[in-house]
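Participant: Sequence unavailable; structure follows:
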């Protein structure tokens, strides 16, 4: 039997080096629910990038989970802004993808047995997320916690391992608009229904927790009766805002940021440029407050 010499052995593959630990206080970021208002999360992440600060963990609910998944994949915030505005600028393409993801039927409108505009969230997330977003939580550059609501258990489900896209799809599954997601043996809907600003999930992960609240509620003068669709989503915002207010009573995050986006509705995604412009001042606020907190 031939003896293998050391020079004939195949060297083991080089193992990737773990990222260097942060040299200063560890910062974690909670990104809340709020539909199109959540585009303001991008500006907060831009401020972190410009300060050279990388979160050690991110937690997101609904739109916060969607934005957080792209950023946690290693996509810089400025690139994330360009991706979002570029995607939403093409209304025809977006509407085409929504139609392709639709599981409701026009006949349901007349039968009363279903929703003709109901969307398959998993299909939509699969087509919408950029290729830089990996398949699993384990492949992300920054640890991510995604919040969804367990429909039958009537409680919170937090995902940190396994398949990423179904968890994000579950977190954004707004009742009445996106079909519930069957994932990990559970039927899941919008994470904003139970934890619309999940800063509490980050307390043990960092020295400083920054939370971005875009829940808000209907704005404007109390005059007209809202349209049915508007009232449905505004009611969800009121519910989310109330949950956040109660959570803050028992312990607030170290830094709470509320971008100026109350004038926008949940589904105002095609007003992305206007939302980002209105929220632009939040970058300076984030920088000032982080500088003060970090000394």
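Facilitator: Structure received. Predicted, not measured: the structure shown is a model, and the values here were computed from it.

Participant: how about the strands of the stretch 1-150 of the chain, start to end?
Facilitator: Taking DSSP state E, counting those that start in this stretch as the test, the strands found in the stretch 1-150 of the chain are 27-31, 57-61, 144-150.

Participant: among those strands, which is nearest residue 184?
Facilitator: Of all the strands of the stretch 1-150 of the chain, it is strand 144-150 that lies closest to residue 184, at 9.5 Å by C-beta to C-beta. C-betas here are computed from N, CA, C, even on glycine.

Participant: could you point out which element follows the closest one?
Facilitator: On the C-terminal side of strand 144-150, the nearest following helix or strand under DSSP states H and E is strand 155-159.

Participant: what helices or strands is the helix or strand following that following strand leaning on?
Facilitator: Scanning forward in sequence from strand 155-159 by DSSP H and E, the next helix or strand is helix 164-171. Judged by 3 or more C-beta pairs under 8 Å, 6 or more residues apart in numbering; DSSP states H and E, helix 164-171 is in contact with helix 63-72, helix 121-128, strand 144-150, strand 155-159, strand 181-183, strand 186-189.

Participant: Show me what counts as buried in helix 164-171.
Facilitator: Using 16 or more other C-beta atoms under 10 Å as the burial criterion, the residues of helix 164-171 that qualify are 164-171.

Participant: Number of residues surrounding the residue nearest to residue 145 when sequence neighbours are not counted?
Facilitator: Counting by C-beta to C-beta, 6 or more residues apart in numbering, residue 59 is the residue found nearest to residue 145 once chain neighbours are left out, at 4.1 Å. A count of nearby residues for residue 59, using other C-beta atoms under 10 Å, gives 31.

Participant: Contact partners for residue 59?
Facilitator: Neighbouring residues of residue 59 by C-beta atoms under 8 Å, 6 or more residues apart in numbering: 28-31, 68, 144-147, 198-199, 201-202.

Participant: Please repeat the previous calculation with a cut-off of 6 Å.
Facilitator: Applying C-beta atoms under 6 Å, 6 or more residues apart in numbering to residue 59 gives the contacts 30, 145, 198, 201-202.

Participant: cool, residue 171 as well?
Facilitator: With contacts defined as C-beta under 6 Å, 6+ apart, the neighbours of residue 171 are 62, 65, 146-148, 191.

Participant: How many residues are close by residue 224?
Facilitator: Counted with other C-beta under 10 Å, residues neighbouring residue 224 total 8.

Participant: Need phi/psi at it.
Facilitator: Backbone geometry at residue 224, expressed as degrees, to the nearest 10, gives phi -80, psi 150.
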